[in-house]
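*Asks:* whatever this is, show me its structure:
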Amino acid sequence: MKNLLFLLGFLFILPLQAQEINWMSMNEALEAQKKNPKKIFMDAYTDWCGPCKLLDKKTFHNTDVVNYVNTNYYAVKFNAEGTEEIKYNDFTYTNPNYNPNRKGRNSQHFFANALKISGYPSIVFFDETGKVITPVVGYKTPQQLEIFLKMIVNDDYKKLTTADAWKNYEQSFVSTFEN
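*Replies:* Below is the predicted model of the structure:
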């Protein structure tokens with residue numbers, strides 16, 4: 001009986017731990033869009049950023065967030081102070097000022113600069129053709145992120161052209177994501 005309880009407990013825990021967002025590079029996401037158009041969800045982070053690590057641990061491992069992002073987006077993990085070469089809109093973005101010997105903050109990647117990322121973490125949404133929709137700056141809980149995930153997927157953002165429209169949308173939004 002003890003072994004059976006252990007096995008049942010293990011089976012219930014395993015799927016929760018195994019669920020992860022299917023991260024890819026920006027180049028891979030842009031390539032995937034050519035075959036199957038889908039919006040892009042980009043996590044722009046840095047290695048030294050505490051809220052970035054919290055977002056990874058708390059929000060990006062939430063079952064509802066994982067399932068929603070994997071179903072509706074190409075998810076991109078982008079180190080905004082890293083060295084990845086990104087080909088975007090007929091230009092190759094790099095980070096030529098990156099210093100591998102530097103601890104903590106490093107130079108900002110030119111792609112992060114082009115996206116006008118002003119803080120970390122930043123979640124940047126792109127449409128099905130790779131055009132920037134909007135960045136969302138700062139740590140978000142699963143429930144705080146949910147409104148943006150759904151608003152972008154449903155193209156509701158196109159109708160939200162005033163502060164009042166956003167306020168009404170936000171007030172009428174009903175969250176379904178669990179903690």
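
*Asks:* burial count for the closest residue in space to Lys77 that isn't next to it in sequence?
*Replies:* Distances taken as Cβ to Cβ, 6 or more residues apart in numbering put Trp23 closest to Lys77, at 4.2 Å, once the chain neighbours are dropped. Where C-beta positions appear, they are placed from N, C-alpha and C, glycine not excepted. Neighbour count for Trp23, taken as other Cβ atoms under 10 Å: 18.

*Asks:* what of Asn79?
*Replies:* For Asn79, using other Cβ under 10 Å, the count is 18.

*Asks:* return the helix or strand in this structure with minimum mean pLDDT.
*Replies:* One helix or strand of the chain scores below all others by mean pLDDT, DSSP states H and E: helix 2-18, with a mean of 46.

*Asks:* what is the helix or strand following it packed up against?
*Replies:* Next along the chain after helix 2-18, taking DSSP states H and E as the criterion, comes strand 23-24. On a contact count with 3 or more Cβ pairs under 8 Å, 6 or more residues apart in numbering; DSSP states H and E, strand 23-24 meets strand 73-79.

*Asks:* in the helix or strand immediately after the strand it packs on in the chain, what's buried?
*Replies:* Going down the chain from strand 73-79, the next helix or strand is strand 86-88, by DSSP H and E. Of the residues in strand 86-88, Ile86, Tyr88 count as buried by neighbour count, 16 or more other Cβ atoms under 10 Å.

*Asks:* pairing partners for strand 86-88, with directions?
*Replies:* Note on strand 86-88: by DSSP bridges, its sheet partners are strand 91-93 (antiparallel).

*Asks:* which pLDDT does the model give the residue nearest to Lys77?
*Replies:* Note for Trp23: predicted pLDDT of 98.

*Asks:* from Ala80, how far off is it?
*Replies:* For Trp23, the distance to Ala80 equals 15 Å [Cβ to Cβ, to the nearest Å].

*Asks:* with Ala44 instead?
*Replies:* 5 Å.

*Asks:* which neighbours do those two share?
*Replies:* The overlap between the contact sets of Ala44 and Ala80 (Cβ atoms under 8 Å, 6 or more residues apart in numbering) consists of Ala112, Ile117, Tyr120, Ser122.

*Asks:* what's the farthest-apart pair in those?
*Replies:* Pairwise distances across the shared contacts of Ala44 and Ala80 peak at 9.1 Å for Ala112 and Tyr120 (criterion: Cβ to Cβ).

*Asks:* quickly list what's touching both of these two.
*Replies:* With Cβ under 8 Å, 6+ apart, Ala112 and Tyr120 have common neighbours Ala44, Ala80.
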